[in-house]
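[1] just the structure for this:
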Amino acid sequence: MTATPPSAPSAVDTAARSVPPTQGPRGWAAGGPALGTSLVLGGLLAQEFGAAMAASLFPQAGALGIVALRLTVSAVLLLAVCRPRVRGHRRADWAVIVAFGVALAGMNTLFYQAIARIPLGAAVTLEVLGPLVLSVVTARRATSWLWAALALGGVALLGRGGLDSLDGVGVGFALGAAVLWTAYILLSARIGARFPKADGLALAMAVGAVLSLPAGLADAGGRLLDPVILGLGAAVAVLSSALPYTLEMLALRRLAPATFAVLMSLAPAVAALAGYLVLHQGLTGIDLIAITLVVAASAGAVRACGR
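    Have a look, this model is predicted:
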């Protein structure tokens, strides 16, 4: 999936403009910026703590098995809640749905392969480089390249921070997830413009589930039907997929694009906290500085893009 050219408006901006806000008592969009900020932060907490919970299940069902379980349960929940209309869509609409489903399946698969090998905070720090690059390219400002250099400095520090499990394969998976996260952002904007509410997300999640099931069944087999694994996998699905993706789409209708992107840049810090609390993954002082640099660079880049 190719990104939009530098002269095109950002995908997040397109999504935000595509859905007219519902005016509240003070003209805010259905609760306004305060609610939008809460939605983004709630989505981040759910997603990163859900990822930490998923990583704790890898020894029982494997990374591919948890991905398949996560996407399948998420698809069932979203289809049941949204009940999206299947007929009447154009071929171009279905093309976006399939592309979004491929991006969801690929992004989750690569990311879970990454956190099976490197700490959660490090994986998300590398993954957030995808949206950062998108912001730098679409901004077309010299200052944006300075933010990119700051982010690269943070990544370089992360590689020297004493994280013994930061191996090359895990880094490669995280960077692959970063590319697909960029595709997710671009396609999410198109989904939001073409489909009401979360209907497009529900259909795309079903596509992602179908794509991930063969590898998941081959990896985990009958273990996916274990009641404990099934129950915990359902919790991961709600925390990591259904809830945050829906909250992000709703937040995009209430926040300025730059504000949304700045809030999303906090993901590495939230992931580091989840890894520490749930997986007991320690962080050195250099690690914390590296993550702070990447968060600051992401926030600065998207603000430059917004201006």
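[2] from here on, just use CA atoms for contacts and neighbour counts.
    Noted.
[3] same for the one helix or strand Leu35 maps to, what does it pack against?
    Using DSSP states H and E, Leu35 maps to helix 32-61. Contacts defined by 3 or more CA pairs under 8 Å, 6 or more residues apart in numbering; DSSP states H and E place helix 32-61 against helix 63-82, helix 227-237, helix 243-252, helix 257-264, helix 267-278.
[4] kindly export the second one (C-alpha atoms) in CSV.
    In CSV, the C-alpha atoms belonging to helix 227-237 read as follows (Å, rounded to 0.1, in the frame of the first residue of the first chain):
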residue,chain,number,x,y,z
PRO,A,227,-11.9,-22.2,27.9
VAL,A,228,-9.2,-20.3,29.7
ILE,A,229,-7.3,-19.3,26.5
LEU,A,230,-10.6,-18.5,24.8
GLY,A,231,-11.7,-16.3,27.7
LEU,A,232,-8.4,-14.4,28.0
GLY,A,233,-8.2,-14.1,24.2
ALA,A,234,-11.7,-12.5,24.2
ALA,A,235,-10.5,-10.0,26.7
VAL,A,236,-7.4,-9.3,24.6
ALA,A,237,-9.7,-8.8,21.6
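[5] residues in contact with it?
    For helix 227-237, contacts defined as CA atoms under 8 Å, 6 or more residues apart in numbering pick out 50-51, 53-54, 57, 60-61, 66, 69-71, 73-74, 223-224.
[6] now, of those, which are buried?
    The neighbour-count test (16 or more other CA atoms under 10 Å) marks 50-51, 53-54, 57, 61, 66, 69-71, 73-74, 223-224 as buried among the contacts of helix 227-237.
[7] by mean pLDDT, which helix or strand of this structure comes out lowest?
    helix 11-18 (a mean of 37; mean pLDDT, DSSP states H and E).
[8] was I right about Gly106 contacting Ala178?
    No. In this structure Gly106 lies outside contact range of Ala178 using CA atoms under 8 Å: 10.5 Å.
[9] between those two, which is the more surrounded one?
    Ala178 (26 against 21; other CA atoms under 10 Å).
[10] got the angle between the helix or strand harbouring that one and helix 243-252?
    Under the criterion of DSSP H and E, Ala178 resides in helix 168-194. Calculated by axes from the mean of the first three to the mean of the last three CA atoms, to 10 degrees, helix 168-194 forms an angle of 50 degrees with helix 243-252.
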